[in-house]
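Participant: test case, fold it:
(2 chains)
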Amino acid sequence: MTMDMVSAILVSGLVLGSVYALMASGLSLVWTTLGIFNFAHGSLMALGAYFAWTMSDAAGLNLWLGAGVAVAVAGMVGVGILIERTVIRPFYDDKDILLITVMTTLAVMIFLEKGIQLLWGARLKQLEPLAPGRVNLLGTTISAQETLIVVLAPLLLGGLWVFLRYSNIGRGIRAVGQNPAAAKLIGVDVSKLFILTFALSAALAGLTGILLGSVRFITPTFGAEPLVKALIIVIFGGLGSLSGTIAAAYIIGVVEAVLIFFVGIYWAPSMLFALLIAVLMLRPQGLFGKSVR
Amino acid sequence: MTNPQRALEIENLYAGYDAFDVLNGMSLHVGASERVGLFGPNGHGKTTLLNAVSKLIRPRSGSVRFMGENLEQRSPQDIVAMGLVHVSQANRLFPDMEIMETLELAAYTPRARKQRKANLEHVLDLFPRLAERRRQEAKTLSGGERQMLSIGVGLMCAPRMLMLDEPTLGLSPKLKDELAAAIGKISAEGIPLLLIEQDIAFVLSLVDRMYLIDHGEITREVERGGAVDHEEIMDMYFGGHASS
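Facilitator: Okay, the predicted model is just below:
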């Protein structure tokens, strides 16, 4: 194997890992804070890309892509708030909230996918790249957009980490996830932070959709595959650990790139699942998770 | 009926879980700088009372007033913001957060944020052990350290009144003395105190007045220095027939 191949695999793994990290961190944040899995996360990603497309594409409003990004992120915050209010909030006091919200968020996923198909049609769409042209990264030539993803993901995730670690509201979000009753007793408005967390996660999903929307084709089910990967990653990294999730995203990205190179694109996903099962047999708490009491 | 001389005034409070009332018309009050104890067997409503006052559970009926203001329409965060702070029993707090982070976070309401620096100094002064372990996560603390952190968190909320739920639960006698001294210091600053304890000597050493609770009701009130009838306590714990 030549150095070129190694660098090609590594770079493609880095691109995949960055996309997965952006997707999975939103999913993980909602899991640790609200205690639910949001199966609509993938369709939120698709919706974000469609919002941006409508704003910026020649067939849409034909504005600068930056306007598309802004509107899409704001729109996703709105959609996130709406979803939290309608299909999650009514069940906070229910002891079966986890199972109920599996169903309600799956319903939202179907609703969004079909709604997108109805509004935008099934034809493939693509966004203009935020960064045009090609770039040489580690001896491998990739599109500038993919480079942007590789650079932007750590910045966004680093920002998220700093927010959660040092800001009052970010610390409040962590506190709510770890012990909601104790958070109430220091004056934290738990339900406000639930909405905020969900909106933040939806915005992250939408942003991922925009970034990926000029590399891949946008379809109504364009978020399904990243969602499945993000689910694997959140479990693989260890439930409840954001840094574990991010590390796992990059590991899975590189492993997937290696698998695609050696066994091809058709076998790679099943082998990823086999790897997940193997890891969970040895470490049921996930790679970086703490063992459950 | 509002009495401005009183920090906390509870009248005829009914509250419980699901269909069961644990509090059966409880009435009590705490004076403006008074230290009051609550004593009674487990399962008779002491913790439920504090949960109902801080709105972790919703009272079924009755009224709670803090500094003359009715708390009926208030949310838990409003109540903390007003300065009525509940330090809950055996609170495991935020397991993955470091001590300093937890204390800083606890000054969450705008009023508490303004006093953050001064209160932090005060807490670390009161519990030097927390200062030594400032980077340690809450889940790695011993029972005594966690109680100190719990009280510290309460103080960071800038309390105008403190409700402490069994702060010495499961602690060694030595640690108990240490905490008693700290609680004594806090209440000496004039912060009214409602203290739940199982150790009657411990309560009596810290309070001006004490209520005995039985089956969700106040059955007796004991002034400081007033004798507590040993038989009465035996009755509460073992039923009326044990001593007869």
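
Participant: only C-alpha atoms for contact and neighbour calcs from this point on.
Facilitator: Noted.

Participant: for chain A, what are the nearby residues on chain B?
Facilitator: Counting by Cα under 8 Å from any Cα of the partner chain, chain B comes close to chain A at B:54, B:56, B:76-81, B:85-88, B:91, B:93-96, B:105-109, B:153-154, B:157.

Participant: in the stretch 151-293 of chain A, where is pLDDT below threshold?
Facilitator: The stretch 151-293 of chain A contains residues with pLDDT under 70 at A:290-293.

Participant: now do the helices in it.
Facilitator: Remark: helices assigned in the stretch 151-293 of chain A by DSSP state H, counting those that start in this stretch are A:168-178, A:180-185, A:190-212, A:224-237, A:242-263, A:268-282.

Participant: residues contacting whatever residue of the stretch 151-293 of chain A ends up closest to chain B?
Facilitator: Scanning the stretch 151-293 of chain A for the residue nearest chain B gives A:G187, at 3.9 Å (criterion: Cα to the nearest Cα). Going by Cα atoms under 8 Å, 6 or more residues apart in numbering or on different chains, A:G187 touches B:P76, B:Q77, B:D78, B:I79, B:V80, B:A81, B:Y108, B:T109.

Participant: residue of chain B with the smallest distance to chain A?
Facilitator: Per Cα to the nearest Cα, B:Q77 is where chain B lies closest to chain A, at 3.9 Å.

Participant: so that residue makes contact with A:L185?
Facilitator: Yes. Between B:Q77 and A:L185 there is a contact at 7.0 Å, judged by Cα atoms under 8 Å.

Participant: comparing these two, which residue is more hemmed in?
Facilitator: Using other Cα atoms under 10 Å in any protein chain shown, the more surrounded residue of B:Q77 and A:L185 is A:L185, with 27 against 23.

Participant: residue contacts, that one?
Facilitator: B:S54, B:P76, B:Q77, B:V80, B:V85, B:H86, B:V87 are the contacts of A:L185 under Cα under 8 Å, 6+ apart.

Participant: which members of these are the farthest-apart pair?
Facilitator: Spatial extent of the contacts of A:L185 (Cα to Cα) is set by the pair B:Q77 and B:V87 at 13.8 Å.

Participant: any low-confidence regions in chain B?
Facilitator: B:1-4, B:225-244.

Participant: can you give me the helices in it?
Facilitator: B:46-53, B:76-82, B:99-106, B:110-114, B:116-126, B:128-132, B:143-156, B:173-188, B:200-206, B:230-238 (DSSP state H).

Participant: can the ones you listed go into TSV with extra columns for distance to A:T141?
Facilitator: Shown next, in TSV, are these (distance: least, Cα to Cα, whole Å):
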stretch	distance to A:T141
helix B:46-53	62
helix B:76-82	54
helix B:99-106	45
helix B:110-114	51
helix B:116-126	53
helix B:128-132	53
helix B:143-156	54
helix B:173-188	65
helix B:200-206	74
helix B:230-238	79
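
Participant: please name whichever of those helices is nearest to A:L29.
Facilitator: helix B:99-106 (19.0 Å).

Participant: dump the closest one to CSV, restricted to CA.
Facilitator: In CSV, the C-alpha atoms belonging to helix B:99-106 read as follows (Å, rounded to 0.1, in the frame of the first residue of the first chain):
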residue,chain,number,x,y,z
ILE,B,99,-16.9,20.9,43.1
MET,B,100,-16.0,24.4,41.9
GLU,B,101,-18.2,24.1,38.9
THR,B,102,-21.1,22.9,41.0
LEU,B,103,-20.7,25.8,43.4
GLU,B,104,-20.4,28.4,40.7
LEU,B,105,-23.4,26.9,38.9
ALA,B,106,-25.4,27.0,42.0
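
Participant: what's that helix packed up against?
Facilitator: Applying 3 or more Cα pairs under 8 Å, 6 or more residues apart in numbering or on different chains; DSSP states H and E, we find helix B:99-106 packed against helix A:168-178, helix B:116-126, helix B:143-156.

Participant: out of those helices, flag the one nearest A:M76.
Facilitator: A:M76 lies closest to helix A:168-178 among these, at 19.5 Å (Cα to Cα).

Participant: now that closest one and helix B:99-106, what's the angle there?
Facilitator: Going by axes from the mean of the first three to the mean of the last three Cα atoms, to 10 degrees, helix A:168-178 is angled at 110 degrees with respect to helix B:99-106.
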